[in-house]
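3D, please:
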Amino acid sequence: MTSDTDGKPPRTFTDPDTLRALAHPLRLRLLETLAEHGPATATELAERVGESPSNCSWHLRQLGKHGFVASGTPSGRGRQRPWRLVPRRIQLDEVTDFELARATDAANDALLNRHLAARADWQARRRLEPEHWRDLGFTSQSIFWLTADEAAALKRDLEELVERYFKLTVDRYDNPEARPEGSRPVRFVAWSAPGPEPTASRTDTQEGGDA
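Okay, the predicted model is just below:
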């Protein structure tokens with residue numbers, strides 16, 4: 001298991017309610033908007049996501065209750081204190097507890113739906129992008145024959161790669177001024193899905209049958 005920028009491991013979950021707080025389309029949009037634009041008030045976020053300030057404020061409080069965002073910076077004006085993302089990688093492990101497993105699946109589905117929507121958006125506009133960005137969106141699809149140990153090594157390699165780039169960019173979430181000129185948010189999604197246990201190989205002909 002890899003660690004994040006403050007020495008803590010990626011955040012895992014033991015409380016179904018925390019995962020349920022994450023598995024909500026508007027809350028995911030709010031988190032992504034904070035990651036893209038930096039700290040913002042509920043009113044500013046409402047304008048960006050097309051919702052009412054009161055609705056955004058309620059959902060932000062739920063996200064704050066479970067540690068996904070934090071409220072207030074010294075530059076906050078009166079009661080309009082900005083919300084900021086708490087940049088911490090999350091890890092949705094397989095679990096045996098039934099309620100936690102259901103909440104994990106729901107969170108995974110909600111996140112995956114956001115990622116697939118973003119990929120479809122990229123596919124629709126990629127040919128209109130400057131050439132130096134156009135070829136940087138990619139899809140890599142492979143099927144490997146691996147042992148459990150080899151699959152575990154692949155997982156570790158990807159986690160180390162993701163951690164390296166997370167450490168490189170973590171201060172850019174809250175501080176747009178730290179973002180290099182010309183940089184963009186780049187979404188990276190990877191998963192592995194082991195296939196079923198292979199059956200014993202069989203010949204194309206049955207004993208005593210025709211060739």
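
and the residue positioned nearest the centre of the chain, how far from Ala152?
By CA atoms, centre = their mean, the mean C-alpha position of the chain lies nearest to Leu111, the distance being 6.2 Å. Using CB to CB, to the nearest Å, Leu111 is found at 23 Å from Ala152. Backbone N, C-alpha and C define where each C-beta goes, glycine included.

longest single helix anywhere in this protein?
Taking DSSP state H as the criterion, the chain has its longest helix at helix 98-125.

and Gly208, what's its pLDDT?
Per-residue pLDDT puts Gly208 at 49.

same question for Leu111.
89.

so for the helix or strand bottoming out on mean pLDDT in the chain, what gets flagged as buried?
Least confident helix or strand of the chain, by mean pLDDT, DSSP states H and E, is helix 131-134 with a mean of 88. Buried residues in helix 131-134, defined by neighbour count with 16 or more other CB atoms under 10 Å: none.

residues in contact with it?
Outside helix 131-134, the residues that touch it by CB atoms under 8 Å, 6 or more residues apart in numbering are 126-127, 184.

could you redo the last one with a cut-off of 10 Å?
125-128, 182, 184, 186 (CB atoms under 10 Å, 6 or more residues apart in numbering).

now it - C-alpha only, CSV.
C-alpha atoms of helix 131-134 as CSV (Å, rounded to 0.1, in the frame of the first residue of the first chain):
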residue,chain,number,x,y,z
GLU,A,131,-2.3,19.0,-31.5
HIS,A,132,0.0,18.8,-28.5
TRP,A,133,-3.0,17.8,-26.2
ARG,A,134,-4.9,15.8,-28.8
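
partners of Val69 in the sheet?
Taking DSSP bridges as the rule, Val69 bridges to Leu85.

isn't it right next to Glu32, touching?
No: under the criterion of CB atoms under 10 Å, Val69 is not in contact with Glu32, lying 11.8 Å apart.

who touches both of these two?
Leu85.

those two: which is more packed in?
Set Val69 next to Glu32 and count neighbours by other CB atoms under 10 Å: Val69 wins out with 21 against 16.

measure the more buried one to Arg61 for me?
According to CB to CB, Val69 stands 9 Å off from Arg61.
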